[in-house]
Every structure is written in C-alpha cells, then in structure tokens.
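[1] no letters, just coordinates:
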C-alpha cells in the first residue's frame, strides 16, 4: 500500500489530461495531485472484469477476470521493436478492480467524472530464457521485486487485451523475497510467490470445433 494514494492520483491525472498509456505512470507534483478531488474519498470495488475480444474465426467472445481466481492478463507492449527481443506483450495480475468519481479542480468543467481502474502487480520477462516459436519454448516471467518502482501500478481496464493462463515453473519453487508480507497475496500463499511462471499458449484443434 506504500504510495498508494499519490500513485492513484498520478494515474487519474494522466487519464484526465488524456495522456497515452506507455507503461510508465507520469509523476505529478503535490500541487497537481491536490487538484484531484475523489468524491466522498471513496473507491468502489468490483468483483469481476469482463473483456470482450475477437476470436481467430472473427467471432465475439469474452474473458472474465477476478482478483481471487483468474487475475492474470496481458497488455500490448510499448517497447521499441528491437528492445529485449521485441516481445509484443506485458503481463500483470489484477489485485483489485475499482471505479471512482473525481473532480479536477481548476479545469474548464468541474463536474464529477467516473474513472474505471485496475490496481495491478506486474510481471517481468526472463530475458535470459530463450522462448517463442523458433525456440519451441514458452515465455517465462516472474513478479517484479517490490523494491522496484515498476512492481505495482494502476491501469485503465480498456488497455487489457486478454486474460492469460500461467503455469508455475515448479522446478524453481517459491520465494518470500520478491515481496514482504502483504495483503496483496492470498492467505493460502503463505507470503510466498512462485519464482517463475510460463505463459501458456493454446490453440484449439479443428476436431474440437
């Protein structure tokens, strides 16, 4: 929860000012943040996020994500094409789903606006692991350590592309070192994380259609 409110207001300001999502939150001054009024100081929590997408055969489908069971997702990367192998996606885990109403004091139209947002914990890709179609291996990712500024953040739900399925890399085991004891973990995880996960790729065969 460290810096939760300042980072929340930074995200809200980026949204209010129309900044394009690049993967990095903009940093604003305390004066800028004080101009953001969260109506009644309330965040409204939701249990489920539903993401519409188009299937490979051009049909409409929907993913259902929730912080309790199906929380992992991907967004389009904003890395340069040649950077770190040019992987097309970033990966994260939803910790909470919110909406709130905000007023931007000093703007031309000081009326409450609804903002939908996700509080997320980000994964980092294992750049030393050869993966992809040519390597015939699944991509490997792990949580970004909590002392890294990019470990947690806020995200507009509209940037979510799809839900993903992660397979724990059992050979690497668990670790308590990525994050101190925290409410963002479920009680059954005993304040530990899997060190690594594999990003599953699944293609439905024709005989299943």
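    Done, it's in. Just so it is clear, the model here is predicted, and its values are computed rather than measured.

[2] buried stuff in the lengthiest helix in the chain?
    Ranked by residue count under DSSP state H, the longest helix found in the chain is helix 4-16. Neighbour counts over helix 4-16 (16 or more other CB atoms under 10 Å) mark 7-16 as buried. Yep, even glycine has a C-beta here, placed from its N, CA and C like the rest.

[3] starting at the chain centroid, how far to the strand of greatest length in the chain?
    Longest strand of the chain, by residue count under DSSP state E: strand 89-104. Counting by CA atoms, centre = their mean, to the nearest Å, strand 89-104 is centred 8 Å from the centre of its parent chain.

[4] what pairs with that strand, and is each one parallel or antiparallel?
    Next to strand 89-104 in the sheet, as set by DSSP bridges, lie strand 36-38 (antiparallel), strand 44-46 (antiparallel), strand 72-76 (antiparallel), strand 113-125 (antiparallel).

[5] let me have those strands in CSV, extended by distance to residue 87.
    Listed next are these as CSV, based on distance: least, CB to CB, whole Å:
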stretch, distance to residue 87
strand 36-38, 34
strand 44-46, 30
strand 72-76, 10
strand 113-125, 6
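
[6] closest one to residue 59 among those strands?
    strand 72-76 (20.1 Å; CB to CB).

[7] so for the closest one, what gets flagged as buried?
    Applying 16+ other CB under 10 Å to strand 72-76 flags 72-75 as buried.

[8] between the residues you listed, which is closest to residue 146?
    residue 72 (18.0 Å).

[9] pLDDT at the closest one, what is it?
    At residue 72, the model reports a pLDDT of 97.

[10] ok, it touching residue 165?
    Yes - look at residue 72 against residue 165 with CB atoms under 8 Å: they come within range, at 7.4 Å.

[11] point out where the protein drops to low pLDDT.
    1, 24, 80-85, 202-209 (pLDDT under 70).
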